[in-house]
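Asker: Next one to model:
(one chain, ligands or ions: 1)
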Amino acid sequence: MYINTIPDWIQYFLKRYTWKGPSSEAQPKVYLTFDDGPHPEITPWVLEQLEHYSAKATFFCIGKNVIEYPDVYARLIQKGHRVGNHSHTHLKGKKTKDNLYLKDVEQAQQFINSNLFRPPYGSVKRSQAKQLSAKGFEIILWTLIPGDWDSTISPQKCLENIVFHLQPGHILVLHDSEKARVNMEYVLPRLLQHCKNKGWELAMLP
Ligand SMILES: [Zn+2]
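Answerer: Have a look, this model is predicted:
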């Protein structure tokens, strides 16, 4: 199981990771992120929704998907969104030897130009994180993960998870992937409308 929201004490102990983004009362911002793309149908759909609300987001892409769908990747950038590295083959850091893990991230980096890295499954060893930081990566985790990929959660419940917890400064994770499609496609337009009603800007990570 995963945790919907990350408690403050965990964020405090794991200070080397980024859990939140900048926000102020005058300019409240929410940081929407999408993992596991690009996907040939789902990612373009997400881009349309974002454009409709003048929202920006950060897409943590998998290197091998970028190779497979270079046009979709190019569109992300052309539309003014930010990209991040989500590894080449989506390895679980805690189950992978450091040198293999680093190699996988570096391989993705040949196709993804970004200093942002999000470990797949949020799983990364301290030694791996240290080496990635030394290479100039900022490691981005999240504040809120509503479980859009989890088919045991209904789209309504997934939206509830978001609306109940979401606050300015939060980094929110959704997925432009097949697995998350049903929940994400229900949640995204409603989430965008919710933020608009609240007066929160949807921004890409700084
Ligand atoms: Zn992932």
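
Asker: rest of the way, CA atoms for contacts and neighbours
Answerer: OK.

Asker: What ranges does the chain have for its strands?
Answerer: Remark: strands of the chain, listed N- to C-terminal, are 29-35, 58-61, 82-85, 116-117, 138-139, 171-175, 201-203; assignment by DSSP state E.

Asker: Out of those strands, flag the one nearest the ion.
Answerer: Within these, the stretch nearest the ion is strand 29-35; the backing value is 5.2 Å (CA to the ion).

Asker: For that closest one, give me every contacting residue.
Answerer: Residues lying outside strand 29-35 but in contact with it, judged by CA atoms under 8 Å, 6 or more residues apart in numbering, are 21-23, 56-62, 86, 167-177, 200-205.

Asker: So which bits of it are buried?
Answerer: Neighbour-count burial for strand 29-35 flags 29-35 (criterion: 16 or more other CA atoms under 10 Å).

Asker: do stretch 51-59 as well
Answerer: Buried residues in stretch 51-59, defined by neighbour count with 16+ other CA under 10 Å: 55-59.

Asker: How far does that stretch sit from its chain's centre?
Answerer: With CA atoms, centre = their mean, to the nearest Å as the basis, stretch 51-59 stands 13 Å off its chain's centre.

Asker: With stretch 94-104 instead?
Answerer: With CA atoms, centre = their mean as the basis, the mean position of stretch 94-104 lies at 21 Å from the chain mean.

Asker: Show me where this protein has its helices.
Answerer: If you assign secondary structure with DSSP state H, the helices in the chain sit at 8-13, 42-52, 63-68, 70-78, 98-109, 126-134, 155-165, 181-198.

Asker: So what pairs up with the spatially most central residue of the chain in the strands?
Answerer: For the chain, the residue sitting closest to the mean C-alpha position, by CA atoms, centre = their mean, is Thr33 at 3.3 Å. Counting by DSSP bridges, Thr33 is bridged to Thr58, Val173.

Asker: Say whether the ion is contacted by stretch 136-155.
Answerer: No - contact of stretch 136-155 with the ion (CA under 5 Å from the ion) is absent, the minimum separation being 10.1 Å.

Asker: Please work out which residues outside that stretch touch it.
Answerer: By CA under 8 Å, 6+ apart, the list of residues contacting stretch 136-155 from outside reads 3-6, 16-20, 115-119, 122, 129, 132-133, 158-159, 161-162, 165-166, 170-175, 179-184, 186-187.

Asker: before we move on, the earlier item: can you add mean pLDDT and give the strands of the chain back as CSV?
Answerer: As requested, these are arranged in CSV below (pLDDT from 0 to 100):
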stretch, mean pLDDT
strand 29-35, 98
strand 58-61, 98
strand 82-85, 98
strand 116-117, 98
strand 138-139, 95
strand 171-175, 97
strand 201-203, 98
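
Asker: so can I have CSV of the ones you listed showing distance to Gln109?
Answerer: CSV is the format used below for the strands of the chain (distance: least, CA to CA, whole Å):
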stretch, distance to Gln109
strand 29-35, 16
strand 58-61, 10
strand 82-85, 7
strand 116-117, 10
strand 138-139, 13
strand 171-175, 20
strand 201-203, 23
